[in-house]
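Enquirer: Please work out how this folds:
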Amino acid sequence: MAPRESNTSNKIPLKVLVIEDSAFDAQVLQAKLLINGYRPNMKRVDSLAAFREALISEPWDIIISDYFMPNVKMMDTLTCLKEQGLDIPFIIVSGGIGDTEAVAAMKAGASDYILKNNLSKLGAVVERELREAQIRHARHQAETALRDSESRYRTLWETSQDALLIINSESNTIFLSSPATEKIFGYKGGFLQGKSLSILQKPELFPNDMPLSPDCQGTTRAIHKNGKIIDIEVRSHKITLSHEDFFVLDIRDITEWKFFQEQQLKNKEQLRIAKEIHQSLYPPTSPNFPGYDIAGISFPAEEIGGDYFDFFSESDISIDIAIGDVTGHGLGPAILVSETRAYLRILSHNQKHLNEILSRTNEVLASDLAGTDRYVTLTLLRLFAHPSAFFYANAGHTAGFILNSVGEIKQKLSRTGIVLGRKKDSVYKQSDFSPLEEGDLLILITDGLQEVFSPEGEMFGVERILDVIRQNLNDSSINIIHKIYQAGLDFSKAEALDDDFTCIIIKVLST
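Expert: Residues are numbered from 1 along each chain as shown. Here you go, the predicted model:
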């Protein structure tokens, strides 16, 4: 689907120079920046000459570059940027940059790199690099101010949000402290003047932490006046005042940021566990049902998907097959998937008719989902052996198809009722008993692939899915599914889809 227009009046304006040969990838970057609170004014270039001209003609807040491009070498753009003497954050966003290339690029002046399949980090990286650029600029201004202009120095000194300490390198004592020092450490005015740095970090309390010294660089811990331990980030650079050498310590309180990072690690671990649980809900293997080649695969857009498929109530006579789609994707929909799966499996043992199974499942889901905008679409199919046949019920789900041995459409498995979870008293119908012939192929899908768009804005659609099947009728069910998914990726020019995609293919081998 085409991206919706959003209100950008409250977003941070950002001038972005993008070095990228794919217009679609550039649009994806623009969309991600919008999502992360920026209003990007973006220009895309795909040659070194165009990049050089853009650097000269306009000021830029940040540069984002692909690594592998046909018309320009990324390392040449870093050289060009260095030759211009510009301090602009340079972020590499690549589909497959290796560690060796990444290290070389960072040494050449790149600020950071992100893989295209992990653009969720883009906002945080841009924010950090813009902040770092501001700090570098502030430091440059501070040195100039201390050297050339007392008034300019005082303005920067008094407005900095970081604690700035000027340290006598010989005595290791504090010569001056900026107003922000009170906010971070609690000491007012000139109280710290002449005091040792140890007042901010008593060695006996922090034996395993990086010592706070005039030339230290990195993260460590210190102590607030009130006794609270705080996490700090320290940058140091040398200056000369009245022919005497001093160090300026730029100290930032990162206590909250570090807590947030630790929480993210905990959440990531919880998400990993949830993913393992969710994956365990899928059938571990394809069923070995006589007379058929059956396969199903789900390709989640995120770590935990909102699609569902299952094979259950298998006997020598019949097997029940389900495929479903919960609104959205992520942890919430995944929980609803597991709930739906449990209801279907229990009800399939107590109810003979598929429409009754859907009706009872809908009653429970409608109660659980009352007051929410969640719902479930589902196709439930019962497959028979000897003779080969089936019937189904479809609760608002994407239609499936039956193709004959030459790829012609024999039947469309359309909806027989509305989605599950919306109306408690919904009625569902079961289809007639439909025979199958040797060579027939049945496909059930969710809508994640057919709604994929190409860089030119064209939708993949159902017909392209059926064309892939027609071109591979003699292949196995599992291989056909993989070829369908790959065709969607090739069409979209993406490494992964924006929505979950699940597919079940059933080939009739004998009747």
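Enquirer: Where do the domain boundaries of the chain fall?
Expert: Segmentation of the chain into domains, based on automatic domain parsing, reads 12-132, 160-253, 278-508.
Enquirer: Make a markdown table out of these and add mean neighbour count and distance to Lys266.
Expert: The way it works is simple: take the backbone N, C-alpha and C, and place the C-beta from them, glycine included. Formatted as a markdown table, the domains of the chain follow (neighbours: other Cβ atoms under 10 Å; distance: least, Cβ to Cβ, whole Å):
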| stretch | mean neighbour count | distance to Lys266 |
| --- | --- | --- |
| domain 12-132 | 17 | 17 |
| domain 160-253 | 16 | 17 |
| domain 278-508 | 18 | 14 |
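Enquirer: Those into TSV, with extra columns for distance to Glu262 and mean pLDDT?
Expert: As requested, the domains of the chain are arranged in TSV below (distance: least, Cβ to Cβ, whole Å; pLDDT from 0 to 100):
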stretch	distance to Glu262	mean pLDDT
domain 12-132	15	89
domain 160-253	10	86
domain 278-508	20	91
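Enquirer: The ones you listed into CSV, with extra columns for distance to Lys268?
Expert: Shown next, in CSV, are these (distance: least, Cβ to Cβ, whole Å):
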stretch, distance to Lys268
domain 12-132, 12
domain 160-253, 20
domain 278-508, 9
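Enquirer: Can you tell me which of those domains is nearest to Gln264?
Expert: Among the domains of the chain, the nearest to Gln264 by Cβ to Cβ is domain 12-132 (10.0 Å).
Enquirer: Need the distance between the two termini of stretch 64-84.
Expert: Terminal residues of stretch 64-84 are spaced 17 Å apart (Cα to Cα, to the nearest Å).
Enquirer: tell me the phi and psi of Arg470?
Expert: Dihedral angles of Arg470 (phi, psi; degrees, to the nearest 10) stand at phi -60, psi -30.
Enquirer: For the residue lying closest to it once chain neighbours are set aside, list the residues it contacts.
Expert: Leaving aside its chain neighbours, Arg470 sits nearest to Gly407 (3.6 Å; criterion: Cβ to Cβ, 6 or more residues apart in numbering). Neighbouring residues of Gly407 by Cβ atoms under 8 Å, 6 or more residues apart in numbering: 466, 469-470, 473.
Enquirer: closest to Ala138 out of the domains of the chain?
Expert: Taking Cβ to Cβ, domain 160-253 is the member of the domains of the chain nearest to Ala138, at 6.6 Å.
Enquirer: chain center to that closest one, what's the gap?
Expert: 38 Å (Cα atoms, centre = their mean, to the nearest Å).
Enquirer: Endpoints of that domain, how far apart?
Expert: First-to-last residue span, domain 160-253, Cα to Cα: 13 Å.
Enquirer: still on that earlier bit, let me have the contacts of Gly407 in TSV, adding secondary structure and distance to Thr377 as columns.
Expert: As requested, the contacts of Gly407 are exported to TSV (DSSP: H, G, I helix; E, B strand; the rest coil; distance: Cβ to Cβ, whole Å):
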residue	secondary structure	distance to Thr377
Leu466	helix	20
Ile469	helix	22
Arg470	helix	26
Leu473	coil	28
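Enquirer: Could I get the full set of helices for the stretch 51-200 of the chain?
Expert: 74-84, 99-108, 122-148, 150-159, 180-185 (DSSP state H, counting those that start in this stretch).
Enquirer: The stretch 401-511 of the chain too?
Expert: Along the stretch 401-511 of the chain, counting by DSSP H, counting those that start in this stretch, helices occupy 461-471, 477-492.
Enquirer: Which elements pack onto the first one?
Expert: In this case it means helix 461-471. Contacts defined by 3 or more Cβ pairs under 8 Å, 6 or more residues apart in numbering; DSSP states H and E place helix 461-471 against strand 400-403, strand 441-445, helix 477-492.
Enquirer: Among the ones you listed, which comes closest to Gln201?
Expert: helix 477-492 (52.7 Å).
Enquirer: and the angle for that closest one with strand 441-445?
Expert: Per axes from the mean of the first three to the mean of the last three Cα atoms, to 10 degrees, the angle that helix 477-492 makes with strand 441-445 is 50 degrees.
Enquirer: So what touches helix 477-492?
Expert: By Cβ under 8 Å, 6+ apart, the surrounding residues in contact with helix 477-492 are 286, 293-297, 299, 449, 452-455, 460, 464-465, 468-469, 472, 475, 495-497, 501, 503, 505-507.
Enquirer: With only the CA atoms kept, save that helix in CSV.
Expert: Taking C-alpha atoms only, helix 477-492 is exported to CSV below (Å, rounded to 0.1, in the frame of the first residue of the first chain):
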residue,chain,number,x,y,z
SER,A,477,4.8,-28.3,-2.4
ILE,A,478,7.6,-26.9,-0.1
ASN,A,479,9.7,-25.8,-3.0
ILE,A,480,6.8,-24.0,-4.6
ILE,A,481,6.1,-22.0,-1.4
HIS,A,482,9.8,-20.9,-1.3
LYS,A,483,9.6,-19.8,-4.9
ILE,A,484,6.5,-17.8,-4.4
TYR,A,485,8.1,-16.0,-1.5
GLN,A,486,11.3,-15.3,-3.4
ALA,A,487,9.3,-14.0,-6.4
GLY,A,488,7.6,-11.5,-4.0
LEU,A,489,11.0,-10.3,-2.7
ASP,A,490,12.4,-10.0,-6.2
PHE,A,491,9.4,-8.0,-7.2
SER,A,492,9.6,-5.6,-4.3
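Enquirer: what separates that helix from the chain centre, distance-wise?
Expert: 22 Å.
Enquirer: for stretch 490-507, same thing?
Expert: 17 Å.
Enquirer: likewise stretch 286-297?
Expert: 33 Å.
Enquirer: now for that stretch, what's the gap between its first and last residues?
Expert: 10 Å.
Enquirer: Ok, stretch 282-290 next?
Expert: 21 Å.
Enquirer: Over to stretch 58-65?
Expert: End to end - Cα to Cα - stretch 58-65 spans 17 Å.
Enquirer: which other residues reach it?
Expert: 14-20, 29, 43, 54, 74, 77, 81, 88-93, 126, 129-130.
Enquirer: Likewise for stretch 352-363?
Expert: Stretch 352-363 is contacted from outside by 320, 340, 343-344, 347-348, 351, 378, 380-382, 391-393, 395, 416-417, 420-421, 423-424, 426-430, using Cβ under 8 Å, 6+ apart.
Enquirer: returning to that earlier point: for Pro211, which of the helices of the stretch 401-511 of the chain is the nearest?
Expert: helix 477-492 (51.8 Å).
Enquirer: okay, the angle between that closest one and helix 461-471?
Expert: Here the directions of helix 477-492 and helix 461-471 differ by 130 degrees (the same axes, to 10 degrees).
Enquirer: Tell me the bridge partners for Thr15.
Expert: Small correction: residue 15 is Lys, not Thr. Asn41 (DSSP bridges).
Enquirer: Please report how far it lies from Ile64.
Expert: Distance of Lys15 to Ile64, given as Cβ to Cβ, to the nearest Å: 11 Å.
Enquirer: Name the nearest residue to Leu176, sequence neighbours excluded.
Expert: Leu176's closest residue in space is Ile166 (Cβ to Cβ, 6+ apart), at 4.3 Å.
Enquirer: and the gap between the one you found and Phe247?
Expert: Going from Ile166 to Phe247 by Cβ to Cβ gives 7 Å.
Enquirer: Please report how far Ile167 lies from Phe246.
Expert: Ile167 is 6 Å from Phe246, by Cβ to Cβ.
Enquirer: Next: His140.
Expert: With Cβ to Cβ as the criterion, His140 and Phe246 are 17 Å apart.
Enquirer: Next: Arg52.
Expert: Relative to Phe246, and taking Cβ to Cβ, Arg52 is found at 40 Å.
Enquirer: max-length strand in the chain?
Expert: Looking across the chain with DSSP state E, the single longest strand is strand 229-241.
Enquirer: Which element is encountered next along the chain beyond that one?
Expert: Using DSSP states H and E, the helix or strand that follows strand 229-241 in sequence is strand 244-253.
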